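Enquirer: Everything below, folded, please.
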Amino acid sequence: MEKSTKPAEAPGDEIQAKQRFDGKVLKTTLQGGLIDIGSKLPAFIHISQIVKDNDPKVSVNSIEEVLKVGQEVSVWVKRVKKDRIELTMKEPLVLEWREIKPGMVVKGKIIRLETFGAFVEIGAERPGLVHISELSHSYVRTPGEIVREGDEIEVKVLEVNRRKKQIKLSMKALQELPAEPEVKAPKKGGKRGKAKDKQEKVTEVVVPDPTAMEIAMRQAMDRAQHDEAEVSSANTRSKHSKDIASEQNDILERTLKNKVS
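Expert: Numbering: from 1, shown residues only. Here you go, the predicted structure:
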């Protein structure tokens, strides 16, 4: 938070919320104290905004415990109104919930790594989360491959859930998409290419239908071959029969000769 060194010249001029001043306590009351920050408008700090021992969690029961007239204190502007300026000793958040919007780009610091992602302090009430899938466009096994605790990074707000106090962030949303790998066209030629060319060049042989004359000639040739086969078969059977008759006569003659002798 930047410190203001220039007093305000007019009510509210150049004074904005969250602006830091070194002021002097002019007066104390039961509700708070009047602080001189160089503005024409009175600057008042309520007891609920007073910090004791630099610990915002420590409660303050009495103004005199912390503030004394003439004491110099560091304060921040909480709110600027028409008739006064409200101060606080609690350092304001860099980003209030109402200020965090999806799409905005913020800077932060890695404060914790988990298996599912990295928590980033961006100056809000709660740290934001960069899920492991939002760390990079490439595959990430563990967040430690991409970031480490203490790294200062730039992130983009994806989603804000004020009710659940969740802020979803992304690193890859600010990174360029990786170039797609070039797809090489298949090379022409080679054995496969030549074989394919040969297959494409093979022409289909068309056999014409036979004419009536050719059909008649084939039928005549088939009948002639059939008749020839029949005659050959008959001759074979006749010869076989003669051989059997001759053999039977020889047997009969030998039998008669044996009986006579």
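
Enquirer: For the stretch 1-150 of the chain, just list every one of the helices.
Expert: With DSSP state H, counting those that start in this stretch as the definition, the stretch 1-150 of the chain shows no helices.

Enquirer: got any ranges where it has weak pLDDT?
Expert: 1-13 (pLDDT under 70).

Enquirer: got the residue ranges for the strands in it?
Expert: Per DSSP state E, counting those that start in this stretch, the stretch 1-150 of the chain carries strands over the ranges 20-28, 32-36, 43-46, 72-80, 85-88, 105-114, 117-121, 128-131.

Enquirer: Take those and lay them out in CSV including distance to residue 143 and mean neighbour count.
Expert: (C-beta placed from N, C-alpha, C; glycine too.) Shown next, in CSV, are the strands of the stretch 1-150 of the chain (distance: least, Cβ to Cβ, whole Å; neighbours: other Cβ atoms under 10 Å):
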stretch, distance to residue 143, mean neighbour count
strand 20-28, 34, 17
strand 32-36, 45, 21
strand 43-46, 42, 21
strand 72-80, 34, 17
strand 85-88, 36, 22
strand 105-114, 5, 16
strand 117-121, 5, 22
strand 128-131, 8, 22
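
Enquirer: What separation do you get for the spatially closest residue to residue 24 that is not a sequence neighbour and residue 65?
Expert: Closest residue to residue 24 apart from its sequence neighbours, by Cβ to Cβ, 6 or more residues apart in numbering: residue 36 at 4.8 Å. Using Cβ to Cβ, to the nearest Å, residue 36 is found at 21 Å from residue 65.

Enquirer: Enumerate every residue touching residue 81.
Expert: By Cβ atoms under 8 Å, 6 or more residues apart in numbering, no residues touch residue 81.

Enquirer: Please disregard the earlier target; I meant residue 179.
Expert: Residue 179 neighbours (Cβ under 8 Å, 6+ apart): none.

Enquirer: Would you verify that it is located in a strand?
Expert: No. Per DSSP: H, G, I helix; E, B strand; the rest coil, residue 179 lies outside any strand segment and is coil.

Enquirer: Could you report the distance from it to residue 173?
Expert: 18 Å.

Enquirer: Name the nearest residue to residue 142, ignoring sequence neighbours.
Expert: Leaving aside its sequence neighbours, residue 142 sits nearest to residue 115 (Cβ to Cβ, 6+ apart; 6.8 Å).

Enquirer: Run a quick neighbour tally on the one you found.
Expert: A count of nearby residues for residue 115, using other Cβ atoms under 10 Å, gives 9.

Enquirer: Quick check: it touching residue 144?
Expert: No. Using Cβ atoms under 8 Å, residue 115 is not in contact with residue 144; the gap is 9.7 Å.

Enquirer: Count the neighbours of residue 160 for me.
Expert: The number of residues packed near residue 160 is 19, by other Cβ under 10 Å.
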